[in-house]
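Q: Using only what follows, build the 3D model:
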Amino acid sequence: MSTSPAPPFGAARLRADCGRCFGLCCVVPAFAASADFAIDKPAGHACPNLGPDHRCGIHSELRQRGFPGCTVFDCFGAGQQVAQVTFGGRDWRDAPETLPAMAEAFAVLRPLHELLWYLTEAIALHPPDDLRAGLERAHAETLTLTEGDPAQLRTVDVAGHRSRVNPLLSRAGDEARAPGGVDHRGAHLLGADLRRVDLRRANLRGALLVGADLRGTDLGLADVTGADLRGADVRGADLRRTLFLHQSQLDAARGDTHTRLPRTLTRPTHWTALPLTPVRQPTRSPVPGRRGRRR
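A: Numbering: from 1, shown residues only. The predicted structure is shown next:
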């Protein structure tokens with residue numbers, strides 16, 4: 001694959017461009033046979049479905065073939081950054097000795113690119129001047145970290161950097177939600193029926209919403225940073241103003257043509273056109289199990 005210059009930094013740099021990558025997400029991570037992956041795959045080994053052109057041979061049938069986990073993974077553009085910038089277009093198949101270093105770089109750049117995406121979203125919320133300045137500094141620092149060579153990337157303390165950035169992101173969400181709604185940060189809401197709960201301006205950072213019933217729910221100005229929406233039913237939900245909602249979260253959820261989305265996100269192809277179930281009037285009813293992990 002030929003090397004092409006990286007575009008100016010912006011939204012496009014934070015979207016996966018598989019045509020400029022070398023299938024790193026199909027090689028670097030380990031898969032464990034589960035509801036998300038049909039097979040075991042050790043880290044650093046190519047998935048058997050990866051073709052010689054670095055394309056997935058079953059991409060259009062991933063869900064039917066038992067690989068829904070692949071459909072919701074997003075590298076935030078780290079794959080093409082590693083392939084085309086960090087390693088200058090050098091293909092690991094032509095130079096197998098580069099694969100371990102590529103894997104190390106990918107493991108660092110993927111979370112850094114994710115932070116860049118969140119920082120970009122936070123700045124776009126027009127926070128107070130002091131917070132905006134802090135977010136812009138964090139964005140610049142994070143961007144600088146992503147530009148290192150393989151040796152420099154190995155020295156990056158991703159966890160430490162994230163711990164310094166997360167309070168800024170949390171504050172940005174709180175400012176945008178003010179006056180805030182219910183606090184379900186880190187809550188365990190697996191399979192919960194939330195149709196009667198007022199989740200407008202709610203703090204749902206890191207909440208476990210796996211299989212939750214959110215049909216017809218208005219999530220306006222709710223902060224869903226890191227919320228796990230696998231299998232969550234968002235048919236008819238209003239997500240147009242939801243904070244920090246990422247495409248991969250939508251891909252993991254179940255929606256329909258009635259689900260209202262931000263203009264920047266795409267309706268997943270596996271969503272249905274099932275009719276909307278009537279929803280009762282929301283209340284502030286407490287939800288059991290709100291205690292859980294914090295993000």
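Q: When you work out contacts or count neighbours from here on, use the C-alpha atoms and nothing else.
A: Will do.
Q: Report the buried residues of stretch 139-157.
A: Across stretch 139-157, burial judged by 16 or more other C-alpha atoms under 10 Å covers 139, 142-143, 145-146, 148, 150, 153, 156.
Q: same check, this time on stretch 116-135
A: Neighbour-count burial for stretch 116-135, with 16+ other C-alpha under 10 Å as criterion, is recorded at 116-123, 127, 131-132, 135.
Q: thinking again about what came up before, may I ask which two of the buried residues of stretch 139-157 are separated the most?
A: The largest separation in the buried residues of stretch 139-157, counting by C-alpha to C-alpha, is between His139 and Pro150 at 20.6 Å.
Q: longest helix anywhere in this protein?
A: When the chain is parsed with DSSP state H, its longest helix is helix 99-123.
Q: Can you give the distance from that one to the centre of its chain?
A: Between the centre of helix 99-123 and the centre of its chain there are 11 Å (C-alpha atoms, centre = their mean, to the nearest Å).
Q: Do me a favour and average the pLDDT over the helix or strand just after it.
A: Once helix 99-123 ends, the next helix or strand along the chain (criterion: DSSP states H and E) is helix 129-146. Per-residue pLDDT values over helix 129-146 give a mean of 97.
Q: Next: stretch 64-79.
A: 94.
Q: So which bits of that stretch are buried?
A: Within stretch 64-79, the residues scored as buried using 16+ other C-alpha under 10 Å are 66-72, 74-79.
Q: Any stretches of this structure with poor pLDDT?
A: Applying pLDDT under 70 to the chain flags residues 1-10, 273-295.
Q: at 50 what do you get?
A: Along the chain, segments meeting pLDDT under 50 span 1-8, 278-281, 284-295.
Q: mind listing the strands for it?
A: Applying DSSP state E to the chain gives no strands.
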